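Asks: When you get a sec, could you give me coordinates for this:
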Amino acid sequence: MNYFELFELPEAPLVNKSDLSRRYFELQKKFHPDYFTDATEAEKEEVLEMSSAVNKAFVIFKNEQKTIEYFLQLRGMVEDEKYKLSPDFLMEMMEINEMLDEDNRHLVKKKIDEMGNKMETEIRSVLASFSSETSASDLEIIKDYYYKKKYLNRILDRLVD
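Replies: Numbering: from 1, shown residues only. Take a look at the predicted model:
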């Protein structure tokens, strides 16, 4: 099931949050199991599956990183952990990991936030101008952003541990 189709949203790396909320409430009304108490068991099961899909899609679409991941998955562009990041980025990550090993959590957090903000500023125009005619190179930029952001988020998760 394609969640973009379910929500009647354009297939894009970003979703309009107001459209998302509106569609979510419409779909919840349409597929909420409480409205099908007199239905057959098969209908109840189908509605339960649809309600579950609506909830799962909503969780994905509420989170920008998960939306980008889902968007890339639909295009067969998520390669699990095999994606090769640029050597420059990996060198920065090595420096950050060394700072983390030296227990400079505050500096690591600051550096990650700065890098994340810079990356988001750079990608914003590509994401905002996305259309069905978006070039393959722009899709690669989105993919690169996704994997870099995923890497940064893993480091942030280590800070919490």
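Asks: where's the spatially most central residue of the chain, which helix or strand?
Replies: Geometric centre of the chain, nearest residue: Lys66, 1.8 Å, by CA atoms, centre = their mean. Following DSSP states H and E, the helix or strand that holds Lys66 is helix 64-74.
Asks: Next, the buried residues of that helix.
Replies: In terms of neighbour count (16 or more other CB atoms under 10 Å), helix 64-74 has its buried residues at 67-72. Placement of C-beta: from N, CA and C, glycine included.
Asks: from these, which is closest to Arg154?
Replies: For Arg154, the nearest member of the buried residues of helix 64-74 is Glu69. The distance, counting by CB to CB, is 13.8 Å.
Asks: The closest one contacts Arg75, correct?
Replies: No. At 11.1 Å, Glu69 does not count as touching Arg75 under the criterion of CB atoms under 8 Å.
Asks: re the thing from before, what helices or strands is the helix holding Lys66 leaning on?
Replies: With contacts defined as 3 or more CB pairs under 8 Å, 6 or more residues apart in numbering; DSSP states H and E, helix 64-74 has these neighbours: helix 41-62, helix 136-160.
Asks: just how off-centre is it within its chain?
Replies: Relative to the centre of its chain, helix 64-74 is centred 4 Å away, using CA atoms, centre = their mean, to the nearest Å.
Asks: Could you list the alpha-carbon positions for whichever helix or strand His106 is part of in CSV?
Replies: With the criterion set as DSSP H and E, the secondary-structure element containing His106 is helix 105-128. Output in CSV follows, covering the C-alpha atoms of helix 105-128 (Å, rounded to 0.1, in the frame of the first residue of the first chain):
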residue,chain,number,x,y,z
ARG,A,105,29.3,16.0,24.8
HIS,A,106,28.5,19.7,24.8
LEU,A,107,30.9,20.4,21.9
VAL,A,108,29.6,17.4,20.0
LYS,A,109,26.0,18.5,20.4
LYS,A,110,26.9,22.0,19.3
LYS,A,111,28.8,20.7,16.2
ILE,A,112,26.1,18.3,15.2
ASP,A,113,23.4,21.0,15.5
GLU,A,114,25.5,23.4,13.4
MET,A,115,26.1,20.7,10.7
GLY,A,116,22.4,19.7,10.8
ASN,A,117,21.3,23.3,10.4
LYS,A,118,23.7,23.9,7.5
MET,A,119,22.5,20.7,5.8
GLU,A,120,18.9,21.6,6.2
THR,A,121,19.4,25.1,4.8
GLU,A,122,21.2,23.6,1.8
ILE,A,123,18.5,21.0,1.1
ARG,A,124,15.4,23.1,1.8
SER,A,125,15.2,24.6,-1.7
VAL,A,126,15.5,21.1,-3.3
LEU,A,127,12.8,19.7,-1.1
ALA,A,128,10.5,22.7,-1.5
